[in-house]
Every structure is written in C-alpha cells, then in structure tokens.
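*Asks:* Provided below for reference: sequence and predicted model.
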Amino acid sequence: HLATSLPLPSERDHLRPRIDLIAFVVDVKSKYSLKNVEASLAHVDASFFLGKVCFLVTGVGRVNYCSVEMNAIWKLGEVYSSPVLFCELELEGIRVATAQRLLRMLRICAGYVPGVSALTFASLMRSYADD
C-alpha cells in the first residue's frame with residue numbers, strides 16, 4: 001500500500017492490513033520530498049523504529065540535480081536508527097535489485113524468516129554500515 005504522507009486517514013482503519021515495514025521514499029531532486037518525510041515521521045509509532053522503518057533514497061544517479069543534501073539523509077537514518085538504501089529507479093537492474101532487497105526486508109519484518117527478527121536485522125544493517 002502506498003501513501004503520499006502520514007497520518008493515514010482513520011475512516012478505513014478497520015480494513016487496513018497489518019503494517020510490517022514502512023519505507024520512506026526521498027527523491028534527492030526534491031526538497032519537498034525530504035520535508036514531507038520529516039513531517040510524516042512524527043506520525044509513526046516509536047516501536048516501528050526498532051527495525052521496521054527504512055529510508056529509500058531515489059535519484060542518486062543524478063548528483064548534479066540534487067536538491068537534498070546527503071548529510072540530511074544520513075542523519076535521518078542515524079537519528080531514527082533505520083537503514084538508508086540508495087537506488088536509481090530509472091535503471092531497471094538497480095530497480096529490480098532494490099525491490100528484491102525491500103522484499104527481503106519485508107519478509108524479515110513480517111516474521112517470515114525463522115531466527116531473524118526485525119530488530120536483529122536492523123542491528124546487522126547498522127553494524128554493516130559502520131564498517
């Protein structure tokens with residue numbers, strides 16, 4: 001399910017499926033994109049930041065057109081203890097690889113991977129990024 005911002009409308013709460021992973025998409029070509037993500041973060045329950053949130057940064061192949069500073073994006077990942085994934089959606093191979101990576105993350109967050117929790121996975125992602 002996709003939403004352009006949070007909070008989600010409450011009138012359909014009873015029909016909404018369980019939320020296992022929230023991927024915030026930041027387009028580096030749009031300052032509005034980052035501001036929208038930052039505003040939406042206030043509506044996410046704190047428990048989701050224990051491995052069930054990630055930031056997907058698009059447009060990274062066009063560094064000359066960046067309106068968002070990369071430090072601001074890295075800071076989001078650090079402040080919210082959430083992984084930051086970079087991709088270029090215009091390139092099919094990268095788009096497919098990113099979709100597969102998100103699907104693996106979703107399976108872990110939904111509890112479909114035995115022996116690996118969302119919290120454990122998030123810790124592994126952070127320690128990997130620190131190396």
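*Replies:* Yep, it's here.
*Asks:* for the record, mean pLDDT for the helix or strand containing residue 34?
*Replies:* Using DSSP states H and E, the element containing residue 34 is helix 31-41. Averaged over helix 31-41, pLDDT sits at 94.
*Asks:* Now the terminal residues of stretch 31-51, how far apart.
*Replies:* 26 Å (C-alpha to C-alpha, to the nearest Å).
*Asks:* ok, back up a step: following element in sequence after the helix holding residue 34, please.
*Replies:* Taking DSSP H and E, what comes next after helix 31-41 is strand 53-58.
*Asks:* for residue 33, what are its contacts?
*Replies:* Counting by C-beta atoms under 8 Å, 6 or more residues apart in numbering, residue 33 touches 25-27, 68. All C-beta spots, glycine's among them, are computed from the backbone N, C-alpha and C.
*Asks:* Show the residue spans covered by the helices in this protein.
*Replies:* 31-41, 70-79, 92-109, 118-130 (DSSP state H).
*Asks:* quick one: low-confidence ranges for this structure?
*Replies:* Residue ranges of the chain with pLDDT under 70: 62-64, 124-131.
*Asks:* Look up how far residue 13 lies from the closest residue to residue 70 other than its chain neighbours.
*Replies:* Closest residue to residue 70 apart from its sequence neighbours, by C-beta to C-beta, 6 or more residues apart in numbering: residue 28 at 7.7 Å. Distance, residue 28 to residue 13, by C-beta to C-beta, to the nearest Å: 33 Å.
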